[in-house]
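Trainee: sequence and predicted structure are below.
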Amino acid sequence: MIAGKKRQGLLFQLLDIVVNIAVIVAIVLLIRTFLVSPYQVEGSSMLETLVDKEYIIINKLAYYIGTPARGDVVVFHPPSDSSKYYVKRVIGAPGDDVILEGGSVYIRKADSKEIRKLEENEYLVRSNEGKTFRHPITNGDTSRIVYKVPEGKYFLLGDNRLNSHDSRSFMTGDGKPDPYVSRNQIKGKVWFVALPITKIHAIESPKYAQ
């Protein structure tokens, strides 16, 4: 009788452990699916905002209850490859005209006829100011090009304009320009840098002039 009770007690303990592990795994999956998720930065396309090998945490809930805004740094799938993750900054929102001219970015908002230069000094280092070139960026082409952002899509650029594969250079499989990122391809807003510990800080969206 005593041995039987011990076996039942052991089985109960094992079952309790299994149930607890299952609950923990379910909670982690729910958190990563709907709330937050970690990613590691690869490359230099977002310098100096984000640095190669840093770990970032993205806020997924932000776009379940809201929509991406100009200036947000986001993690997303590029148009032609849903297996990859990129991190860039939202520049054009649905309905906007994004105009590249003279190395600068201009915006005609969806609800306006006015064209205004986008002031980007909060996140562009001096070596990138006035150097938002057309694709291919190595040509240094500053001639005018207009991107008309369709409904439900966004135009994104890296902060390191001289070394970023972004909406200027996204292509379809057959080599045609494919600059716009769908809303459902954007996975979340970069919330903060988590590692290395010495560089932990929140990523704030810029305050553009109205």
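Mentor: Structure's in. What do you need? Residues are numbered from 1 along each chain as shown.
Trainee: how far does stretch 176-187 sit from the chain's center?
Mentor: 11 Å (CA atoms, centre = their mean, to the nearest Å).
Trainee: can you check stretch 36-47 too?
Mentor: For stretch 36-47, the distance to the chain centre is 9 Å (CA atoms, centre = their mean).
Trainee: go on, stretch 49-61?
Mentor: On CA atoms, centre = their mean, the centre of stretch 49-61 falls 9 Å from the chain's centre.
Trainee: same check on stretch 41-52?
Mentor: 12 Å.
Trainee: what of stretch 131-138?
Mentor: For stretch 131-138, the distance to the chain centre is 21 Å (CA atoms, centre = their mean).
Trainee: in stretch 144-162, what counts as buried?
Mentor: 147, 149, 153-162 (16 or more other CB atoms under 10 Å). Every residue, glycine included, has its C-beta placed from N, CA and C.
Trainee: between these, which is nearest Ile203?
Mentor: If you rank these by distance to Ile203 using CB to CB, Asp159 comes first, at 11.1 Å.
Trainee: among the buried residues of stretch 144-162, which are located in strands?
Mentor: 147, 153-157 (DSSP state E).
Trainee: and the furthest pair within those residues?
Mentor: The most distant members of these, if one measures by CB to CB, are Lys153 and Leu157, lying 14.3 Å apart.
Trainee: quick one: pLDDT of the nearest residue to Glu122 once chain neighbours are set aside?
Mentor: Nearest in space to Glu122, with sequence neighbours left out and distances taken as CB to CB, 6 or more residues apart in numbering, is Pro206 at 4.2 Å. Looking at Pro206, its pLDDT reads 95.
Trainee: next, Pro206: secondary structure please.
Mentor: coil (DSSP: H, G, I helix; E, B strand; the rest coil).
Trainee: low-confidence ranges in this structure?
Mentor: 1-9, 12, 16, 18-20, 22-35, 210 (pLDDT under 70).
Trainee: if you set the cut-off to 90 instead, what comes out?
Mentor: Scanning the chain for pLDDT under 90 picks out 1-36, 80-82, 111, 173, 175, 207-210.
Trainee: in it, which spans are helices?
Mentor: Assigned by DSSP state H, the helices in the chain fall at 2-34.
Trainee: now do the domain split for it, please.
Mentor: 1-34, 36-202 (automatic domain parsing).
Trainee: got the end-to-end distance for the longest one?
Mentor: With CA to CA, to the nearest Å as the measure, the first residue of domain 36-202 is 14 Å from its last.
Trainee: how far is it from where the chain is centred?
Mentor: 7 Å.
Trainee: distance check, Leu157 against Glu48.
Mentor: Noted for Leu157: a distance of 15 Å to Glu48, by CB to CB, to the nearest Å.
Trainee: same check, this time on Tyr86
Mentor: From Tyr86 to Glu48 the distance is 18 Å (CB to CB).
Trainee: these two: who's more crowded?
Mentor: A count of neighbours by other CB atoms under 10 Å puts Tyr86 above the other of Tyr86 and Glu48, at 22 against 13.
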